[in-house]
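Trainee: pasting a predicted model and its sequence here:
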Amino acid sequence: MMYRILVFVFLISGTIMAQQDTPKNAFLEKWKNSKDYLLKIAEQMPEDKFGFKPTEREMSFKEQLFHIRGNMLWLGTTYFSSEEFDREKLKENLPETKTEIIALLTKAFDKVYTRIQETDEDDLKFEVDFFAGRKSKLQILNLLQDHVTHHRGQLIVYLNLNDIEPPRYVGW
């Protein structure tokens, strides 16, 4: 019996390790979970509270979501495609309803996922010009995730300030 349990644990851990065998695969797994977690947070906030902001100098809940989307699309387009990024186009036809905003955010997550999935693993070593100096594309991946995490943390505070319980944390 103990032998079977050990074999099962070994097989499961091997499968998990295989999914994260490269930085790209580790990112893609985390990106999917990050998407799911952020969308749950957006779902938790009632639509009539999407304009909430804790102080005048901060972005509203909705503006945070648009900001996260814009950053994802900027980094994903500029550093992982040959497409020209148009920042002004981001501001066109922004949706107002919660359902439309969540759909727009979902589409942005999926677009970045596809671009990274199509990126050659060796390409992550390539350095690019960035406003903070030369960075590898792997560093840009880290920035993509870090930026989402930063603003998602703010959104969790927004939920708590409205006495709304945030969804359970999703890590890897």
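Mentor: Structure received.
Trainee: same for the longest helix along the chain, what does it pack against?
Mentor: Ranked by residue count under DSSP state H, the longest helix found in the chain is helix 137-161. Applying 3 or more CB pairs under 8 Å, 6 or more residues apart in numbering; DSSP states H and E, one finds that helix 137-161 makes contact with helix 23-44, helix 61-80, strand 127-128. Where C-beta positions appear, they are placed from N, C-alpha and C, glycine not excepted.
Trainee: cutoff 10 Å now
Mentor: Helices and strands in packing contact with helix 137-161 are listed as helix 23-44, helix 61-80, helix 98-117, strand 127-128, strand 135-136; criterion 3 or more CB pairs under 10 Å, 6 or more residues apart in numbering; DSSP states H and E.
Trainee: in it, which residues are buried?
Mentor: Residues 137-141, 143-144, 147-148, 151-152, 154-156, 158-159 are the ones in helix 137-161 that count as buried (16 or more other CB atoms under 10 Å).
Trainee: same thing with stretch 57-65?
Mentor: Per 16+ other CB under 10 Å, stretch 57-65 contains these buried residues: 59, 61-62, 64-65.
Trainee: what does stretch 89-99 give?
Mentor: Neighbour counts using 16+ other CB under 10 Å place 90, 98 of stretch 89-99 among the buried residues.
Trainee: what distance separates the start and the end of it?
Mentor: The first and last residues of stretch 89-99 sit 21 Å apart, counting by CA to CA, to the nearest Å.
Trainee: which residues touch that stretch?
Mentor: Under the contact criterion CB atoms under 10 Å, 6 or more residues apart in numbering, stretch 89-99 has outside partners 42-43, 45-50, 61-63, 65-67, 69-71, 73-74, 86, 100-105, 108.
Trainee: of these, just the buried ones, PyMOL syntax please.
Mentor: In PyMOL, this line selects whichever of those come out buried by 16+ other CB under 10 Å:
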select buried, resi 42+45+49+50+61+62+65+66+69+71+73+74+101+102+105+108
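Trainee: pLDDT below threshold where in this protein?
Mentor: 1-20, 172 (pLDDT under 70).
Trainee: ok, back up a step: which one of the buried residues of stretch 57-65 is nearest to Thr22?
Mentor: Leu65 (30.0 Å; CB to CB).
Trainee: re earlier: got the angle between the longest helix of the chain and helix 23-44?
Mentor: Interaxial angle of helix 137-161 relative to helix 23-44 (axes from the mean of the first three to the mean of the last three CA atoms, to 10 degrees): 20 degrees.
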